[in-house]
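Engineer: My questions are about this predicted structure, shown below with the sequence.
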Amino acid sequence: MGVEGIGARALRKEDKRFITGKGRYTDDIVLPRMGYAAFVRSPHAHAKVVSIDARAALEMPGVDAVLTGDQLVADGIGNIICGWMIHSKDGSPMNMGAWRALEPEIVRHVGQAVAVVIADSQGEAKDAADAVVVEYEELPAVVDPIAAMADGAPQLHPEAANNLIFDWDIGDEAAVNAAFEQAAHVTKMEVHNNRLVPNAMEPRAAVADYNEAEEHHTLYTTSQNPHVARLVLSAFYNIAPEHKLRVIAPDVGGGFGSKIYIYPEEMVCLWASKRVGRPVKWVCDRTEAFLTDAHGRDHRSEAELALDADNKIIAFRVKTVANLGAYMSLFSSSVPTYLYATLLSGQYDIPAIHCNVKTVYTNTTPVDAYRGAGRPEATYLVERIMETAAREVGLSPADFRRKNFIRSFPHQTPVIMCYDAGDYDATLDAALKAIDYDGFAARKAEAASRGKLRGIGMSCYIEACGIAPSAAVGSLGAGVGLWESAEVRVNPVGTIEVLTGAHSHGQGHETTFAQLISERFGLDTDAVSIVHGDTDKVQFGMGTYGSRSGAVGMSAVVKALDKVEEKAKKIAAHLMEAAEGDIQIEGGELKVAGTDKKLTFTEVALAAYTAHNLPEGMEPGLKEGAFYDPTNFTFPSGTYICEVEVDPETGKTAIISFVAADDFGNIINPMIVEGQVHGGLTQGIGQALLENAAYDENGQLITASYMDYCMPRADDVPSYQLSTHVTECPGNPLGMKGCGEAGAIGSPPAVINAITDAINNNDLTMPATPEQVWQLCQGSMKMAAE
Amino acid sequence: MTKVAMTLNGKKVQADVEDRTLLVHYIREAQGLTGTHVGCDTSQCGACVVHVNGKAVKSCSMLAAQAADAEVVTVEGLAKGGDLHPVQAAFREHHGLQCGFCTPGMIMTAVDMINRYGGNLDEKTIRHELEGNICRCTGYQNIVKAIKSAADQMSAMKTAAE
Amino acid sequence: MYETNYHRAGTLDEAASLFSKSDDPKFLSGGQTLIATMKQRLAAPSDLIDLGHVPEMHGICEDGDAIAIGATTTHSEVAASELVRSKIPGLAKLANGIGDPAVRHMGTIGGSVANNDPAADYPSALVALGATVSTNKRSLPAEDFFTGMFDTALEEDEIIVSVTFPVVEKSAYAKYPNPASRYAMAGVFVAKHKDGSVKVAVTGAGQDGVFRVAAMESALSSNWSADAVADISVSADDMMADIHGSAAYRANLVTVMAKRALEAAG
């Protein structure tokens, strides 16, 4: 591979196993005597569990056990928790209802598990699960969050009157009200952010193995953060103390947030393995994934933007109702609050913002963080109302945005965030140029000659990534710190293992983390291994989400590398009888500046471990650890512009071109960053055009398979034109901001703004299905005729 | 239970399996080749694509018994000796994979596509031909690039050989 | 999937005999619908009789002024057939748009026709082209064969052996796919027969499966052009409605797809 440092388009070290079929995912793991779990799930959205009769199932071939919620509760397995406390504006804590991994009393969403069958084969387990007879007494269900808050609506949890979880505020309401009274123009709109299903291509899976003699559990599972899983399983769910529980997340096939959480199924496998005395495997099928993986988004918002006579924004007022589903998932409370309302300032200098958020229980699958988590909802709201306001006041969308851009940093917004660096004009300029904005009118006319409606729309997004500092998030209610750890182990032969608490499930850490070492010591990336995803191997770490592996995880590696470098230089100086300050590292060698004296990195490493000749008092070895707690969020930003063509006869939207100009700060591997953006944009376009988790009024998920839930395919999206502009992030040693979520955050409003421009009708909601667009075209044509 | 025999990646194999066993489970469980994946229940995602008698099929939509006596090739059977198949190499070269889960199916679909189209593959055709393969990570752009590059390279090699 | 017993038939007679000896059997062709249905535990046949190895059920041949396609001929074989492409291009185009490449390698014309999924493509071609369905017992005109959604004139133990399509003067198919499943939300097959008659058959949209549009047929008889059908609409009352499209939207798609098929037919 050679030396490939920061900025190199290094090909991925991990690829070979994936392209040859040698990846090792959880479902690939087979243990001796392994049994298979199949869950018995509620067909009802809301019902009392009257009785569970497992007699017939237990008689079936291969069946080992049928376990229920009563047994789980009797064994002291804890309720599933939400790890971020939010207080309502009246000071009361959020109203969290009890969530059990197997529900003994009342099921609250379709697909909730009430029992599990353990059998010799997956087929036998599924056959027997079908034969478990559960008697339910159906209760009225509610799926709409507004309806759920109404008096007389079906109640999900006794703890939450009117299904209200919390009623939370941010910003200065009085200042906002005062500004609105002075406004020269007010733009109002209602915006619905559609519910999505994350759909990592690898379904969740677990293999749990209890060793009775050692009283030790091993869990192989599809996790983005195995240490957090172990902590929660130990501290809250009483599975086992941490030192008696090993969690391994091997190759994981995508996460997008959905594999952060510790779900009922993984807990039950651990518990069941001990109960039945054999390893237990569970592999989610896609329909189960639709019913039980945490969903994303699902906000209904009213927004008002106040402008002065010069079209400067003077205030922004937002009211949001967030549907959290039937239970509070692990980080569900943080998503519509600190990951959402704190971003409502966008890229704009807005003196006053107020946002009220009500979160609500409904008889639907729990909702939690999904790629972007709160920031896509904020960006969609801000960028749609910006576009709408620009049209209302007759300014070009770019000019109106420019008029309101933040241009000096640091910038304190009225909603907590302090933006550290950015250049919003630069990314807007780059995007306008890339799409040839000035040539749009001609392209529109040409499209019209073919009977097509062409439109263009933009989105200037900002997001907050990395997530931290720990003390700050702690004061906002987080139950954990959001630092990251690293250990750099130099072996006696000079090869290096980096143990990181971050977890790769597609992000390419095995390559990019190795580039840091290659850069620092001039070593071949093949001399570096990245170890992650196993609590027995790696020190406690926080995992991968929130675009944090670079800005936070790599920063921890850098800190550890600093220590390794310092010690290596000390040893080299001692061995070469030079001053420590004269030692330079270059091309895998430690040299004494201005002389021809040098030692290879390997020689220094070996010296550290033979310990025959170390400086007085120095410990042997060359291995250092570090924990990095960031000083602030990072703030990636950029401009996306989308050009579409609508076929008015069918309502189908084709994306003709899409340009992205991003500022991610410094970039380790542009190839991998581009890949992240391509994927994020496609998920965002999926949200805008195709994807929607739709429930009927009884709480049945109508879109519970790929037959009805429309995943973006290759022919739904274009080839994107990307560019980056760098303003360094001052908050971390690498100057990085993060790139994992930007595409999904920034793209939906660009697409929708383009379609509303094309059809000249702003009354569009996501997803912009062909039928919806066709209906709006019919309306527009009718209006034109009148 | 039925004894199902086939040629898998050039090797004659057999196993006693339930008649309901899908080809994908036969490959993964009875034969221990776990490169072929299951990503959905409705035969849309394409993570399970293998070649049966030289043609790409979804191994989750076919019984193992239907493939009895057939020649089956999985992603593990593409590389010859230590040499990656050009499509495998192109996926790496162009960053056509991230989490790797859809990758085996993508690669098998790509090889089949190139077998049928040779060098006559343009971006639009490739995107259309990928209708039965879903990737959640890459946004497809680099997959399309990888397939185009491999198709061009393979057709050039073929021309050179002729 | 529930357990089942798999049998591979080598001849039509063997298939019929295996069928008669089983409790609750089903014939298996490409399996692209049946296996999926069984996986969802929505079908649980005691026995599956695989027809994929019966030689007389497979292949494409010219039969006078018609093309006969064996029931187990796959969609990809129909799409790739030079004979079909040159004589009935609309049929080749239709076959090339079913499912995805891997599905087309397995799925068969006989399986599709026997299942008569209201969103399947083939029924529209059979009806518009006036095809004949030949079974191990009899021959039936397509319009008598399709009797409603998922319903055909086939008897339980009857096996489709081939489908014969008359060569027509012009043919084309246009479909608007469901964005998620890619099945037809409206698929329109137009055929101008050698005797001058015109047939227009629609799949995916109607509540009772494939149907003909008499108003379009008569307009096209005198004026074979997209303009002739541009203002002819079908009644939304007879259309399917689901989350992907209302009845009114599907009715609109029928007209639009008819226009596009005619543009393609030339």
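Structural biologist: Ah, there it is. Not measured: the values here are computed from a predicted model.

Engineer: Contacts only, for A:Ala306.
Structural biologist: Contacts for A:Ala306 (CB atoms under 8 Å, 6 or more residues apart in numbering or on different chains) come out as A:179-180, A:182-183, A:185-186, A:313-317. C-beta: built from backbone N, CA, C; applies to glycine.

Engineer: Closest one of those residues to chain B?
Structural biologist: Distance to chain B across the contacts of A:Ala306 (CB to the nearest CB) is lowest for A:Phe316, with 31.6 Å.

Engineer: For the contacts of A:Ala306, which ChimeraX command selects only the ones that are buried?
Structural biologist: Only the buried entries of the contacts of A:Ala306 go into this ChimeraX selection, using 16 or more other CB atoms under 10 Å in any protein chain shown:
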select /A:179,180,183,313,314,315,316,317
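
Engineer: among the contacts of A:Ala306, which are in strands?
Structural biologist: Using DSSP state E, A:185-186, A:313-317 are the members of these that sit in strands.

Engineer: Which element, helix or strand, includes B:Lys12?
Structural biologist: According to DSSP states H and E, B:Lys12 maps onto strand B:11-17.

Engineer: Using PDB, write out every CA atom in that strand.
Structural biologist: Taking C-alpha atoms only, strand B:11-17 is exported to PDB below (Å, rounded to 0.1, in the frame of the first residue of the first chain):
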ATOM      1  CA  LYS B  11     -16.500 -28.300  -6.700                       C
ATOM      2  CA  LYS B  12     -19.100 -31.100  -6.500                       C
ATOM      3  CA  VAL B  13     -21.000 -30.800  -3.200                       C
ATOM      4  CA  GLN B  14     -24.000 -32.400  -1.600                       C
ATOM      5  CA  ALA B  15     -26.000 -32.200   1.600                       C
ATOM      6  CA  ASP B  16     -29.200 -33.500   3.100                       C
ATOM      7  CA  VAL B  17     -31.600 -30.700   3.600                       C
END
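
Engineer: Quickly find the element holding the residue lying closest to A:Met707 once chain neighbours are set aside.
Structural biologist: Counting by CB to CB, 6 or more residues apart in numbering or on different chains, the nearest residue to A:Met707 once its immediate chain neighbours are dropped is C:Ser181, at 4.4 Å. Using DSSP H and E, C:Ser181 falls within no helix or strand.

Engineer: Pull the distance from the longest helix anywhere in chain C to the chain's centre.
Structural biologist: Taking DSSP state H as the assignment, the helix of chain C that covers the most residues is helix C:247-265. Offset of helix C:247-265 from its chain centre (CA atoms, centre = their mean, to the nearest Å): 18 Å.

Engineer: on that earlier part again, is chain A within reach of the strand holding B:Lys12?
Structural biologist: No: no part of strand B:11-17 sits near chain A under the criterion CB under 8 Å from any CB of the partner chain; the closest distance found is 10.4 Å.

Engineer: ok, then the element right after that strand?
Structural biologist: Following strand B:11-17 toward the C-terminus (DSSP H and E): helix B:23-25.

Engineer: what's the average pLDDT for that following helix?
Structural biologist: Helix B:23-25 shows a mean pLDDT of 98.

Engineer: following it, which helix or strand shows up next?
Structural biologist: For helix B:23-25, the succeeding helix or strand toward the C-terminus, using DSSP H and E, is strand B:49-52.

Engineer: Can you pull out the residues in contact with that following strand?
Structural biologist: Residues lying outside strand B:49-52 but in contact with it, judged by CB under 8 Å, 6+ apart, are B:23-24, B:27, B:36, B:56-59, B:62, B:67, B:70-75, B:104-106, B:108-109, B:111-112, B:132-133, C:102, C:105.

Engineer: From the residues you listed, list the buried ones, please.
Structural biologist: B:23-24, B:27, B:36, B:56-59, B:62, B:67, B:70, B:72-75, B:104-106, B:108-109, B:111-112, B:132-133, C:102, C:105.

Engineer: show me which of the residues you listed neighbour chain A.
Structural biologist: B:36, B:74-75, B:104, B:133.

Engineer: Farthest pair within these?
Structural biologist: The span of those, defined through CB to CB, is set by B:Thr74 and B:Asn133 at 15.3 Å.

Engineer: for chain B, which helix is longest?
Structural biologist: helix B:141-161.

Engineer: wait, chain A
Structural biologist: Scanning chain A for the longest helix, with DSSP H as the assignment, gives helix A:555-576.

Engineer: Check what contacts the following helix or strand past that helix and list those residues.
Structural biologist: Note on helix A:555-576: by DSSP H and E, the next helix or strand toward the C-terminus is strand A:583-586. Strand A:583-586 has contacts (CB under 8 Å, 6+ apart) with A:520-522, A:565, A:568-569, A:572-573, A:576, A:590-593, A:601.

Engineer: in the longest helix of chain A, what's buried?
Structural biologist: Neighbour counts over helix A:555-576 (16+ other CB under 10 Å) mark A:555-561, A:564-565, A:567-576 as buried.

Engineer: tally of neighbours for the closest residue to chain B within the stretch 51-200 of chain C?
Structural biologist: Chain B sits closest to C:Asp100 of the stretch 51-200 of chain C, with a gap of 2.6 Å, by CB to the nearest CB. A count of nearby residues for C:Asp100, using other CB atoms under 10 Å in any protein chain shown, gives 24.

Engineer: Need phi/psi at the residue nearest to it when sequence neighbours are not counted.
Structural biologist: Excluding its sequence neighbours, the residue lying closest to C:Asp100 (CB to CB, 6+ apart) is B:Gly132, at 2.6 Å. As for B:Gly132, its main-chain torsions (degrees, to the nearest 10) stand at phi -100, psi 20.

Engineer: Just the local confidence number for B:Gly132, please.
Structural biologist: We have a pLDDT of 97 for B:Gly132.

Engineer: Next, the contact list for it, please.
Structural biologist: Residues in contact with B:Gly132 (CB under 8 Å, 6+ apart) are B:44, B:46, B:49, B:58, B:109, C:99-103.

Engineer: what's the weakest-modelled helix or strand in chain B?
Structural biologist: Every helix and strand of chain B was ranked by mean pLDDT, DSSP states H and E. The lowest is helix B:141-161, at a mean of 93.

Engineer: and chain C, which of its residues are near chain A?
Structural biologist: Contact residues (CB under 8 Å from any CB) of chain C with chain A: C:1-3, C:41, C:176, C:179-181, C:243-246, C:249, C:252-253, C:256.

Engineer: Kindly indicate the member of these with the most neighbours.
Structural biologist: C:Leu253 (31 neighbours).

Engineer: Where does the prediction get shaky in chain A?
Structural biologist: Judged by pLDDT under 70, chain A has its weakly predicted residues at A:1, A:780-786.

Engineer: Now do the domain split for the chain, please.
Structural biologist: All of this is about chain A. Per automatic domain parsing, the domain ranges recorded for chain A read A:31-139+A:202-253+A:259-292, A:299-467+A:632-785, A:483-628.

Engineer: Sorry, I should have been clearer: chain C.
Structural biologist: Domain assignment for chain C by automatic domain parsing gives C:5-50, C:61-166, C:170-265.
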